[in-house]
Each structure stands twice: as C-alpha cells, then as structure tokens.
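Novice: Take this sequence and fold it.
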Amino acid sequence: MNEKYTEVLSQYELEILDVKRGRGAWLCETDQGLKLLREYKGTIKRLEFEDQVFLQLEETGHLSVDRYVRNKEGEILSSAEDGTRWIVKNWYSDRECNLKDSKEVLCAIERIALLHKMFRKVKFKEEWNLGSILVQQPAEEMERHNRELIRARSFIRSKRKKSEFELCVMGNYDVFFDQAMEACKGLAGFCEECGIGEGYLCHGDLNQHHILMCTHDVAIVEFNRMHRGMQMEDLYHFMRKAMEKHDWNLKLGMSMLDTYSKVLPLSGADRTCLYYLFLYPEKYWKQINFYYNANKAWIPARNIEKLRDLEIQQPMRNLFLSRIK
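Specialist: Numbers count the residues shown, from 1 in each chain. Below you'll find the predicted structure:
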C-alpha cells in the first residue's frame, strides 16, 4: 500500500513532507498545505460536476471547501498501475464541530446559511443532469419508512414472548407513528400545492463530521452527495443532531433559526418544510429499522435506552414543533 500512495502522489506537483493513515484515506503534509488522498470509485463526470460547483463558489465569495487538486496532466483523477483510481483534495487539520458547544453550533449554522446562499447563485449546467444529483423526495422517503414501521410492528405483534425492547415499541408506537403519517401526508400535500420543483443545490450530508472548526474559519467538506433538492433538508439534518444533544432546548433551536435567517431569510415555505421534516420521528424510525434488520433475538441495552430517551424528550420536541409551525 505504501508503494501505491507514493506512486499516485508522484503524479502531482506536490512536495510531500509527511504522510499519515486516516480513516479510509491518507493525510499528506505538503509544501502546499494539507491534502487528502483517497481511492475513488465513482464517475469522472461526478468529480467534474463537484469541481465546477467549487469553482463557482470561489468566484461568488469566500468559503472553505475540500476542492480537488489536479495532477501534472491537469486531470482530476489519477490511476495507479493496478487500475485503482485516486483523488487528491485540499484538507483541514482542524476538528469537527462539537454539537455540545452551542457557540460552535451557531457558528456552523451561519456557515450552512452562507453555503446555501452561495449555492443559489450557482449557474446550473445541462451536463450536470446526472443520476447522482437526482434524489428521492423527502415525502417519498417518509412513505417508505412508514411501510417499514408497519412491517416491524406486525412482526412484533406476532411474537408471543416479547423482549424489553419490543414491549417498549408496543408502548409508544402509536404516538410516533401518528406523527410519521402526519408528516408524510403534510409534506407531500405541501409540495404538490406549492409546485416545488428541482430546487437548489444542497450539500446532501450535512452533519458535525463534515463541518470543521478551523482557527479563523469554518470549513465544509465531503460534497459527494451534493444534489438538487430542498436546502431545508440540509438545515434540518444538522439541527436535529444538535437538538437531540441538547434535549430539544427551545432557546437553542430558535437561536439556530434566527442565525440562519440573518444570512439567508427563511420564507414561509421554508418554515413549513422544516416543520414537517422535524415532525417526522426519524430517530424512532432508525431504532425500529435497526431492530428489524438486525439480530432480533438480542438488542443492546443502549438501544432500549435510546427508545426511552425519545419518550422523555417528546414534550420538549413537541414544544419546538409548535414554535416553528
């Protein structure tokens, strides 16, 4: 493996000072700053799409992202002798956003709003109409999750002797499933009524792992799920993680929305989308889905605890929902 990464890096105009193994990648200290080397299995069209978006972001304003580095031949993709393909991109040594730190959370929210604002200025090109930028609509995904919840409940009901986890599910299922149905129906109806089309560019996987807190800046990385859709999904995914860490603290939730709005004002339609996204009990579905697709004979105690925590947090979650409706 050492020979392979040396072989690939030799194709770049970089002086390598140090190389360390990272998670599924190599972190390279170079004369041009920190770079990340990773094997790539997607299409070159996808890479070119991302790089062209990054170029437009640079022209629009300052935003730190993990832009690709081209090799000596000007190519975005490099190949090793064994046929494997590799990419090199700019990277940051700084740590990911700490969701337990409300100041860092608000700083990240401000940067998400800036990203969305800059995305709206990106001129979309016809050649970007790739399969990877067309994703399932949120309401369709909710509908699929609801079918999975129904299957799991039917399975549990059919069991004579139920585990502690299964008894817990039967005890709180109706409350969460009612919200799941309302969210799915409400969002589908709203999108149909408003005629929401393809939307704007979205990051597609915004969480604390992909927002890096630098000394004088905030970097956003890993755009491999970037697509056209509802930008409120990006905001929702990051906010939900933060709200769960803070037991659905209402003050923090409203501060996040206010911080976002100062950079990119939230419309009435944005708030309606956010309401239905937050209404859907995603974490509850995740626990049930994990149970149904895993070894049902044994469920870790931590999963039972997570299910009970959702019940405990429900009043505060409902209070937040009432404020953004």
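Novice: list the contacts for the most centrally placed residue in the chain?
Specialist: Centroid-nearest residue in the chain, with Cα atoms, centre = their mean: residue 205, separated by 2.1 Å. Under the criterion of Cβ atoms under 8 Å, 6 or more residues apart in numbering, the neighbours of residue 205 are 222, 224, 225, 237. (Each C-beta comes from the backbone N, C-alpha and C, glycine too.)
Novice: secondary structure class for it?
Specialist: Here residue 205 is recorded as coil under DSSP: H, G, I helix; E, B strand; the rest coil.
Novice: can you give me the helices for the protein?
Specialist: Secondary structure of the chain (DSSP state H): helices at 2-9, 44-60, 102-119, 138-158, 164-194, 231-245, 250-263, 268-279, 282-293, 301-324.
Novice: Using JSON lines, please lay out these together with mean neighbour count.
Specialist: As requested, these are exported to JSON lines (neighbours: other Cβ atoms under 10 Å):
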{"stretch": "helix 2-9", "mean neighbour count": "15"}
{"stretch": "helix 44-60", "mean neighbour count": "17"}
{"stretch": "helix 102-119", "mean neighbour count": "20"}
{"stretch": "helix 138-158", "mean neighbour count": "16"}
{"stretch": "helix 164-194", "mean neighbour count": "16"}
{"stretch": "helix 231-245", "mean neighbour count": "22"}
{"stretch": "helix 250-263", "mean neighbour count": "16"}
{"stretch": "helix 268-279", "mean neighbour count": "19"}
{"stretch": "helix 282-293", "mean neighbour count": "18"}
{"stretch": "helix 301-324", "mean neighbour count": "15"}
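Novice: Show me the one of these that comes nearest residue 33.
Specialist: Residue 33 lies closest to helix 2-9 among the helices of the chain, at 14.3 Å (Cβ to Cβ).
Novice: can you redo the helices of the chain as CSV with distance to residue 35 and mean pLDDT?
Specialist: Formatted as CSV, the helices of the chain follow (distance: least, Cβ to Cβ, whole Å; pLDDT from 0 to 100):
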stretch, distance to residue 35, mean pLDDT
helix 2-9, 9, 80
helix 44-60, 15, 91
helix 102-119, 22, 96
helix 138-158, 35, 95
helix 164-194, 41, 93
helix 231-245, 26, 96
helix 250-263, 30, 98
helix 268-279, 36, 95
helix 282-293, 34, 93
helix 301-324, 37, 93
